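>>> missing the sequence, but the structure's below:
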């Protein structure tokens, strides 16, 4: 396997009974790439992400994530990836420090390293004054920065961001994307879903899923050229409008 | 409105006209949901008053509930009831039938009909939202309160949803809608910008674009993050943010020319594909307002 490829998916199929949630997905994601995983509601994105994160076994196809097999090494996959979503990221009633300790523990970081990395993280984010305050007290922008940093505390190869900016105001979500760029520049691979089509433009490459299949996969500029569109919003609407599935 | 020590709303004052499509925008925690819940008579304000069509939201809560359709931010229908059962349930609670007001929901419900017997919890995000709107409309409310109805919804369903709202506006229904999407705010008659529990400004989309007071540049480059960092290091540049395939840079009017921006970036080792003067989109304008009011935490 090419060492610069960190996610390799070949003919992935996932069925639930007769329902084909993922229909023959094939794609690769390179190291340090920002890969946008787009699709209509119900297209099968969540199922695919759960498989890539080692939470769900595929029905068939080859899956390698961070060098580990998607059937037999799912625990290894979980240890080498980070995950964050807007819906669930931190426990609001735990303090900043408690959240860091909890998630670092879950990700298998040793007790000694937790201290060290937690202190560094709190310092880098300038959160010293908030260390022992509940996360609920943090403004949204800080909460997001903290959630992102916590999902990276075990220095994963890949971070999965599932609608990280859903419902977020225009300035805060742009600040969040600046963090994504920082992480990618530092070599972390970013796998991200979003319904904001301007954010699709920030990705190196994107795939678009409709009814369980990947119907487009390329750089944003190549897709816009191919579909003769001004924006990714237009590309998306052209492709997803004919979706049969709900 | 206070929760213990936290004052979620601080003397918010505004009026919405009959038949108006009124938008609420502002950062998370600004007080949008609290405001909507007070209007829906689900929360009692700590001070001040609110009336809708002459009915007081505290004293006349029974009248308010007949008059108002409410779509909460979180999906709040019965997950284990089917699409049809949910709709019938809400109709019966309001003493009406699905048939009686079917005309109002026909367009949306037609899209849901093939799944009439599916439990609501098994619908995709876009369909859940269509069902929630149908249930909020089934008693033919005069006022619709919509709390971020399109968050988590894909771009196609979002467009369909707003087509529906425009139709409801033509039916004379007054709507108050909160949204994080600025393209949706642009479709409202007027928008209130809310922050830290205060309404800072109420403007029409046109007013907000007309009052934009900066020169704006679109900068295309292979390294947008490097562009932003370089621009933020120089105080001549007001603000710079990612914006689709470009970075948008705002500066004081007539303070700097295109070639000077290009030269500055080149001096900082950044080649640009294109630098051009552009007109602000509604999102640029909102961001400028929000920045001006210290929206970011």
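Ah, there it is. Keep in mind it's a predicted model, so treat the numbers as computed, not measured. Residues are numbered from 1 along each chain as shown, chains lettered A, B, ... in the order given.

>>> and the gap between the residue of the stretch 1-150 of chain B found nearest chain A and residue B:165?
Closest contact between the stretch 1-150 of chain B and chain A, by Cβ to the nearest Cβ, is at residue B:124 (3.0 Å). Every residue, glycine included, has its C-beta placed from N, CA and C. According to Cβ to Cβ, to the nearest Å, residue B:124 and residue B:165 sit 20 Å apart.

>>> pLDDT score assigned to the residue in chain A that chain B sits nearest to?
With distances taken as Cβ to the nearest Cβ, chain A approaches chain B most closely at residue A:139, which sits 2.3 Å away. Listed pLDDT for residue A:139 reads 82.

>>> and for residue A:245?
The confidence metric pLDDT takes the value 66 at residue A:245.

>>> try residue B:56
Confidence at residue B:56, expressed as pLDDT, is 94.

>>> ok, now residue B:187?
The predicted local confidence for residue B:187 comes out at a pLDDT of 96.

>>> likewise residue B:215?
The model reports residue B:215 with a pLDDT of 97.

>>> was I right to think it contacts residue B:258?
No: the pair residue B:215 / residue B:258 is not scored as a contact, 9.9 Å apart, by Cβ atoms under 8 Å.

>>> compare the two and say which is more crowded by neighbours.
residue B:215 (19 against 14; other Cβ atoms under 10 Å in any protein chain shown).

>>> quick check: the more buried one vs residue A:211, distance?
Residue B:215 is 45 Å from residue A:211, by Cβ to Cβ.

>>> ok, now which ones touch residue B:36?
Listed by Cβ atoms under 8 Å, 6 or more residues apart in numbering or on different chains, the contact partners of residue B:36 are B:24, B:70, B:145, B:147, B:176, B:178.

>>> list the beta-bridge partners for the third one.
In other words, residue B:145. Beta-bridge partners for residue B:145, by DSSP bridges, are residue B:70, residue B:176.

>>> for the chain, which segments count as strands?
If you meant another chain, say so; for now it's chain A. If DSSP state E is used as the criterion, the strands of chain A fall at A:5-16, A:19-30, A:34-39, A:60-65, A:68-69, A:81-85, A:158-162, A:189-193, A:205-210, A:213-218.

>>> ah, I was thinking of chain B
Defined through DSSP E, the strands belonging to chain B, from first to last, are B:2-3, B:6-7, B:21-25, B:51-52, B:55-56, B:68-71, B:143-147, B:174-178, B:190-195, B:198-203, B:214-221, B:237-243, B:246-252, B:272-277.

>>> right, and residue B:202 touches residue B:194 too?
No: applying Cβ under 8 Å as the test, residue B:202 and residue B:194 come out as separate, 9.8 Å apart.

>>> these two - which one has more neighbours?
For residue B:202 and residue B:194, the more surrounded residue by other Cβ under 10 Å is residue B:194, and the numbers stand at 24 against 17.

>>> and that one, what's its pLDDT?
Note for residue B:194: predicted pLDDT of 91.

>>> nearest residue to it in space, please, no chain neighbours.
Nearest non-adjacent residue to residue B:194, counting by Cβ to Cβ, 6 or more residues apart in numbering or on different chains: residue B:26, 3.8 Å away.

>>> who touches the one you found in this structure?
If you count contacts by Cβ under 8 Å, 6+ apart, then residue B:26 has A:169, B:32, B:193, B:194, B:195, B:290, B:295 around it.

>>> check contacts around the first one.
When you say that, I think you mean residue A:169. Per Cβ under 8 Å, 6+ apart, neighbours of residue A:169: A:140, B:25, B:26, B:27, B:28, B:180, B:290, B:295.

>>> and the third one, by the same measure?
Residues counted as contacts of residue B:193 (Cβ under 8 Å, 6+ apart) are B:25, B:26, B:199, B:200, B:201, B:202, B:203, B:286, B:289, B:290, B:293.

>>> now the buried members of these.
Neighbour counting over the contacts of residue B:193 (16 or more other Cβ atoms under 10 Å in any protein chain shown) leaves B:25, B:26, B:199, B:200, B:202, B:203, B:286, B:289, B:290, B:293 as the buried ones.

>>> beta partners for the third one?
So the one you mean is residue B:199. Each beta-bridge partner of residue B:199 is listed here, defined by DSSP bridges: residue B:194.

>>> gap between it and chain A?
16 Å (Cβ to the nearest Cβ, to the nearest Å).

>>> pLDDT wise, what is that residue at?
Model confidence at residue B:199, given as pLDDT, is 91.

>>> repeat for the second one
Among the per-residue scores, residue B:26 holds a pLDDT of 88.

>>> cool, the fifth one as well?
We have a pLDDT of 94 for residue B:202.

>>> quick check: it vs chain A, distance?
Using Cβ to the nearest Cβ, residue B:202 is found at 18 Å from chain A.

>>> and for residue B:161?
Between residue B:161 and chain A the distance, using Cβ to the nearest Cβ, works out to 12 Å.

>>> got the contact list for the closest residue to that residue other than its chain neighbours?
Excluding the flanking residues, the one nearest residue B:161 by Cβ to Cβ, 6+ apart is residue B:150, at 5.7 Å. Counting by Cβ under 8 Å, 6+ apart, residue B:150 makes contact with B:129, B:157, B:158, B:161, B:162, B:179, B:181, B:184.

>>> out of those, who's nearest chain A?
Compare each of these with chain A using Cβ to the nearest Cβ and the shortest gap goes to residue B:157, at 6.1 Å.

>>> hmm, that closest one is touching residue A:41, no?
Yes: under the criterion of Cβ under 8 Å, residue B:157 is in contact with residue A:41, at a separation of 6.1 Å.

>>> give me the common contacts of those two.
Overlap between the contact sets of residue B:157 and residue A:41, as judged by Cβ under 8 Å, 6+ apart, is given by B:125, B:126.

>>> what sits up against the longest helix seen in chain B?
Determined from DSSP state H, the single longest helix within chain B is helix B:155-170. For helix B:155-170, the surrounding residues in contact (Cβ under 8 Å, 6+ apart) are A:40-41, A:195, A:197, A:233, A:236-237, A:240-241, A:243, B:19, B:21, B:104, B:107-108, B:111, B:125-126, B:129-130, B:133, B:137, B:144, B:146, B:149-150, B:153, B:175, B:177, B:181, B:184, B:187.

>>> get me the contact residues on the stretch 1-150 of chain B for chain A.
Contacts of the stretch 1-150 of chain B with chain A, taken as Cβ under 8 Å from any Cβ of the partner chain, map to B:25-29, B:73, B:111, B:115, B:123-127, B:148.

>>> mind doing that once more with 6 Å?
Contact residues (Cβ under 6 Å from any Cβ of the partner chain) of the stretch 1-150 of chain B with chain A: B:27, B:28, B:124, B:125, B:126, B:127, B:148.

>>> mind listing the helices for chain A?
Using DSSP H, the helices found in chain A span residues A:45-52, A:74-79, A:96-106, A:111-124, A:140-151, A:170-185, A:197-200, A:220-226, A:232-240.

>>> list the contacts for residue A:138?
With contact taken as Cβ atoms under 6 Å, 6 or more residues apart in numbering or on different chains, residue A:138 is in contact with no other residue.

>>> ok, now with 10 Å
By Cβ atoms under 10 Å, 6 or more residues apart in numbering or on different chains, the residues touching residue A:138 are A:90, A:92, A:96, A:125, A:127, A:130, A:144, A:145, A:146, A:147, B:29, B:297.

>>> give me the helices and strands touching the lowest-mean-pLDDT helix or strand in chain A, please.
Of all helical and strand segments in chain A, the minimum by mean pLDDT, DSSP states H and E falls on helix A:140-151, at a mean of 90. Contact here means 3 or more Cβ pairs under 10 Å, 6 or more residues apart in numbering or on different chains; DSSP states H and E; on that basis helix A:140-151 packs against strand A:81-85, helix A:96-106, helix A:111-124, strand A:158-162, helix A:170-185.

>>> which one, of those, ends up nearest to residue B:264?
The minimum distance between residue B:264 and the helices and strands packed on helix A:140-151 falls on helix A:170-185, with 19.7 Å, by Cβ to Cβ.

>>> quick one: the closest one to strand A:158-162, angle?
Taking axes from the mean of the first three to the mean of the last three Cα atoms, to 10 degrees, helix A:170-185 and strand A:158-162 form an angle of 160 degrees between their directions.
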